[in-house]
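**Student:** could you look at this predicted model? Sequence included:
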Amino acid sequence: MSLKVSIIVGNPKPKSRTLKVAETLVEKLLAPGSYEVEVIDLADHTDEIFAWPSEKMAALNASVAASDLAVFASPTYKATYTGLLKAFLDRYPANGLAGVTAIPVLTGADLTHSMGPTVNLAPLLVELGASVPGRGFYFIAGQMDHLDEIVQTAADEYAANLRRLANVASELRGITSLV
């Protein structure tokens, strides 16, 4: 079985370092060949992000909602995530991300806002019904030379959290099969 993975990036700049961080996190977290990934670089959708209704945006939202894992990444703007990412997430109804395991990721210039993915983005994802397997991941953009090592540490932490959850899930009463 192949996992469906979505990477959603709210950086107004296309093909950003934030996108690279999110892609690297997925590569470090999951075994090669075990997943199919869809990258949604919201910078490519600025012409429709505020259009209501929008068939194109509805299709992107539905695709993410059908994911097993979604990485939501943004540069830090005004101590939180971008309006571009917020506009995308505002399209979901309550529990619109139910069944999705979500990892919040923010990038920034320094550690000033390092709690941002945990205290700002993670609660929004949980409010939308997603399961967040640990604290959010914050990456200092000036450390791109150490991207692999830093992201590997974060991926190892998420993997350990997910394994513990899988152990608990396997022991649930009254459950004949897990989704």
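**Tutor:** Received, thanks. Numbering: from 1, shown residues only.
**Student:** name the SS class of residue 173, please.
**Tutor:** For residue 173, the assignment made with DSSP: H, G, I helix; E, B strand; the rest coil gives coil.
**Student:** let the chain start at 18 from now.
**Tutor:** Fine by me, first position is 18 from now on; the one you just mentioned is residue 190.
**Student:** so how many other residues sit close to it?
**Tutor:** Neighbour count of residue 190, defined by other CB atoms under 10 Å: 4. Just so you know, the C-beta spots here come from the backbone N, C-alpha and C atoms, and that holds for glycine as well.
**Student:** residue 153 too?
**Tutor:** 23.
**Student:** surely it and residue 140 touch.
**Tutor:** No - with contact defined as CB atoms under 8 Å, residue 153 does not reach residue 140; the gap is 9.9 Å.
**Student:** flag the shaky bits of this protein, pLDDT-wise.
**Tutor:** Within the chain, the ranges that satisfy pLDDT under 70 run 18, 191-196.
**Student:** what's the helix or strand for the residue nearest to the spatial centre of the chain?
**Tutor:** The residue lying closest to the centre of the chain (CA atoms, centre = their mean) is residue 88, at 1.8 Å. Take DSSP states H and E as the rule and residue 88 turns out to sit in strand 86-92.
**Student:** in terms of secondary structure, what does the helix or strand that that strand is followed by contact?
**Tutor:** Going down the chain from strand 86-92, the next helix or strand is helix 100-106, by DSSP H and E. With contacts defined as 3 or more CB pairs under 8 Å, 6 or more residues apart in numbering; DSSP states H and E, the packing partners of helix 100-106 are strand 20-26, helix 72-82, strand 86-92, helix 139-144.
**Student:** could you dump the ones you listed to a markdown table with distance to residue 112?
**Tutor:** Shown next, in a markdown table, are the helices and strands packed on helix 100-106 (distance: least, CB to CB, whole Å):
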| stretch | distance to residue 112 |
| --- | --- |
| strand 20-26 | 17 |
| helix 72-82 | 10 |
| strand 86-92 | 15 |
| helix 139-144 | 9 |
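**Student:** residue 108: which of the ones you listed is closest?
**Tutor:** In terms of CB to CB, the element of the helices and strands packed on helix 100-106 nearest to residue 108 is helix 72-82, at 5.0 Å.
**Student:** now the angle from that closest one to strand 20-26?
**Tutor:** Using axes from the mean of the first three to the mean of the last three CA atoms, to 10 degrees, the inter-axis angle of helix 72-82 relative to strand 20-26 is 130 degrees.
**Student:** which residues touch helix 72-82?
**Tutor:** 23, 25, 55, 57, 62, 65-66, 68, 87, 105, 108-109, 113-114, 116-117 (CB atoms under 8 Å, 6 or more residues apart in numbering).
**Student:** same thing but 6 Å
**Tutor:** Helix 72-82 is touched from outside by 23, 57, 65, 87, 108, 113, 114, with contacts defined as CB atoms under 6 Å, 6 or more residues apart in numbering.
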